[in-house]
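> What shape does this take:
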Amino acid sequence: MMSQNILLELESMDSLTRSNLLELKISYVTVKDLNMFKDIFKDMTSLKTLHLKNCDIQTKFPSNLFDDLVNLTTLDLSDNHIVEIPCGVFDKFNNLSMLNLYNNRLVKIPGGVFDKLLNLKHLDLSDNEIVPELEPNLFDNLNNLEELCIHGNKLFRINPRLFDKLLNLKHLDLSNNELKELDPTLFGNLNNLKKLHLYGNNITEFPPNLFNNLNNLEELFRSRSKNIDIAYINSRRKKARL
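Residues are numbered from 1 along each chain as shown. The predicted structure follows:
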């Protein structure tokens, strides 16, 4: 089995070699049990980029799996079968700037799981099965987040304060969910937002003041046709010049 070959190859490295490794990419192989990496990761204290993409990961994360990867900046866990993220699993990632959980089977994300990711800039939770809503304080500590993708889930509603602390957010994708309405204050603090995608939901009418504070918006998709709302963008620019 290829996953066993990779494991043997990593185990055959001496600890000094593993400690100097900066990037590790394992993709399109079977890694159903993450416990097999527990001892190997202990030596990889210099690792900055870790890709475990499309590895058929199904088991629950050991909560201390990544504890020694303190210098990690990029973690790609996309295209797997992850159903649950335990609290504390990302707590040692003080330097992480990109976390990709795209295309897994997440239904619920526990509050506090991202609290220690103070330098995170890009978070992708798209194409999971998250329902019916996200915890209202889930993103409260992500003050440096610039890109948040949540499209392709099963969100029925969004707490009005979910994005309140994302003052540096530039790109927000909420498309292809089950949203029926949005609170008028939802985007009130997103003054730096440039791209907003809302198409593919069940929203029939947008609150009149919903976009009032989005003074830097450059791209807005509201309809299923995915056509950019040029008229709205131009009107905002015109008002800004006055």
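> Now do the SS call for residue 35.
Secondary structure state of residue 35, per DSSP: H, G, I helix; E, B strand; the rest coil, is helix.
> shouldn't it be in contact with residue 61?
No: with contact defined as CB atoms under 8 Å, residue 35 does not count as touching residue 61 (9.7 Å). Placement of C-beta: from N, CA and C, glycine included.
> Tell me which of those two has more neighbours.
residue 61 (18 against 10; other CB atoms under 10 Å).
> For the more buried one, give its distance to residue 170.
Distance, residue 61 to residue 170, by CB to CB, to the nearest Å: 29 Å.
> again with residue 116
According to CB to CB, residue 116 stands 22 Å off from residue 170.
> Show me what stretch 155-169 is in contact with.
130-136, 138-148, 172, 174, 177-183, 185-193 (CB atoms under 8 Å, 6 or more residues apart in numbering).
> now do the same end-to-end measure for it.
From its first residue to its last, stretch 155-169 covers 20 Å (CA to CA, to the nearest Å).
> buried set for that stretch?
Using 16 or more other CB atoms under 10 Å as the test for burial, stretch 155-169 gives 155, 157, 158, 161, 162, 163, 164, 165, 166, 169.
> next one: stretch 192-202
Buried, per 16+ other CB under 10 Å, within stretch 192-202: 193, 194, 195, 196, 197, 198, 199, 200, 201.
> now it: how far from the chain's centre is it?
Distance of stretch 192-202 from its chain centroid, counting by CA atoms, centre = their mean, to the nearest Å, is 16 Å.
> residues contacting residue 68?
Neighbouring residues of residue 68 by CB under 8 Å, 6+ apart: 41, 42, 43, 44, 45, 92.
> For the fifth one, list the residues it contacts.
Contacts here follow CB under 8 Å, 6+ apart; on that basis residue 45 touches 19, 68, 69, 70, 71.
> so which of the residues you listed is the most crowded?
Sorting the contacts of residue 45 by how many neighbours each has (other CB under 10 Å) puts residue 69 first, at 21 neighbours.
> Now that residue. Nearest residue, chain neighbours left out?
residue 47 (5.4 Å; CB to CB, 6 or more residues apart in numbering).
> What of residue 33?
Residue 33 sits nearest to residue 59 (CB to CB, 6+ apart), 5.5 Å away.
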